[in-house]
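Participant: this one's sequence-less:
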């Protein structure tokens, strides 16, 4: 499934889906900065690493991926900021801070290759990409229904981000771009695991992936120290 097809599919699903709210909005949340940031390079470490890598020759598809990823990471930040304001759950503000670093890391690559930034002066919730604008609006609407729905929105964002990053990584051999994408992918894995713990604590149900294959999802969760996987059935959409 291509990135454009995936994004369109998500828009349709987020528009038509009806999520069942959890029964315990006051349940304690399971997250910490260590859960979310994990073994991730800092902004300064990325800058230092990029300075040691020669600038390569970038292609049109690689450019398109960078422009899309810049706004997709901004979308995650903006959605989580709104959901934190609505529910006051620290997981949203913690991951929003991480997503801000992600979108800034992509901006480093745009500057490095002399590319125009699609974000420009756009404020929160405003996107140059029309598909991402529609997706943002639908995610905010869905996440505003209940805290459980907000966690489902977070899970959707992270599953989709993982697929998009994997697709973009498969389309480049440039070491500087791969460095940033690999770092973003680690972050998305951490975010997904954090949202899974919160969703399952909130609902008492095992989360079933909706876009990742069950095999890929289980592999990501099994990397979470001491967590493992507690069953579940095959679900989601493979690539």
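Facilitator: Perfect, I can see it now. Just so you know, these numbers come straight off a predicted model, no measurement behind them.
Participant: which residues touch residue 183?
Facilitator: Residue 183 makes contact with 40, 41, 46, 105 under the criterion C-beta atoms under 8 Å, 6 or more residues apart in numbering. For the C-beta atoms, the positions are set from N, CA and C on the backbone; glycine is no exception.
Participant: Dump those residues to a markdown table, plus neighbour count and pLDDT.
Facilitator: Formatted as a markdown table, those follow (neighbours: other C-beta atoms under 10 Å; pLDDT from 0 to 100):
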| residue | neighbour count | pLDDT |
| --- | --- | --- |
| 40 | 17 | 81 |
| 41 | 19 | 88 |
| 46 | 20 | 95 |
| 105 | 23 | 97 |
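Participant: Which of those residues fall within helices?
Facilitator: 46, 105 (DSSP state H).
Participant: out of the contacts of residue 183, who's nearest residue 88?
Facilitator: residue 40 (24.9 Å; C-beta to C-beta).
Participant: Mind giving me the packing neighbours of whatever helix or strand residue 78 lives in?
Facilitator: For residue 78, the element it lies in under DSSP states H and E is helix 60-87. In terms of contacts (3 or more C-beta pairs under 8 Å, 6 or more residues apart in numbering; DSSP states H and E), helix 60-87 is packed against helix 90-112, helix 130-143, helix 147-170, helix 175-203.
Participant: Swap in 6 Å and give it another go.
Facilitator: helix 90-112, helix 130-143, helix 147-170 (3 or more C-beta pairs under 6 Å, 6 or more residues apart in numbering; DSSP states H and E).
Participant: Look up how far residue 128 lies from the nearest residue to residue 82 once chain neighbours are set aside.
Facilitator: The spatial neighbour of residue 82 that comes closest, neighbours along the chain excluded (C-beta to C-beta, 6 or more residues apart in numbering), is residue 140 at 5.8 Å. Relative to residue 128, residue 140 is positioned 18 Å away (C-beta to C-beta, to the nearest Å).
Participant: just residue 190 next, same as before
Facilitator: Note on residue 190: its distance to residue 128, by C-beta to C-beta, is 28 Å.
Participant: Which residue of residue 140 and residue 128 possesses the greater neighbour count?
Facilitator: Between residue 140 and residue 128, counted using other C-beta atoms under 10 Å, residue 140 has the larger neighbour count: 18 against 15.
Participant: before we move on, the earlier item: could you give me the average pLDDT of the helix holding residue 78?
Facilitator: Mean per-residue pLDDT for helix 60-87: 98.
Participant: Now that helix: buried residues?
Facilitator: 62, 65-84, 87 (16 or more other C-beta atoms under 10 Å).
Participant: ditto for stretch 215-225
Facilitator: By 16+ other C-beta under 10 Å, the buried positions in stretch 215-225 come out as 216, 217, 218, 220, 221, 224.
Participant: before we move on, what about stretch 194-213?
Facilitator: 194-203, 207, 209-213.
Participant: gap between the two ends of it?
Facilitator: 18 Å (C-alpha to C-alpha, to the nearest Å).
Participant: same thing with stretch 165-183?
Facilitator: 10 Å.
Participant: Report the rounded mean pLDDT for that stretch.
Facilitator: Mean pLDDT, stretch 165-183: 97.
Participant: try stretch 124-132
Facilitator: pLDDT averaged over stretch 124-132 gives 97.
Participant: who's in contact with that stretch?
Facilitator: The contact list for stretch 124-132 (C-beta atoms under 6 Å, 6 or more residues apart in numbering) reads 7, 71, 75, 78, 118, 133.
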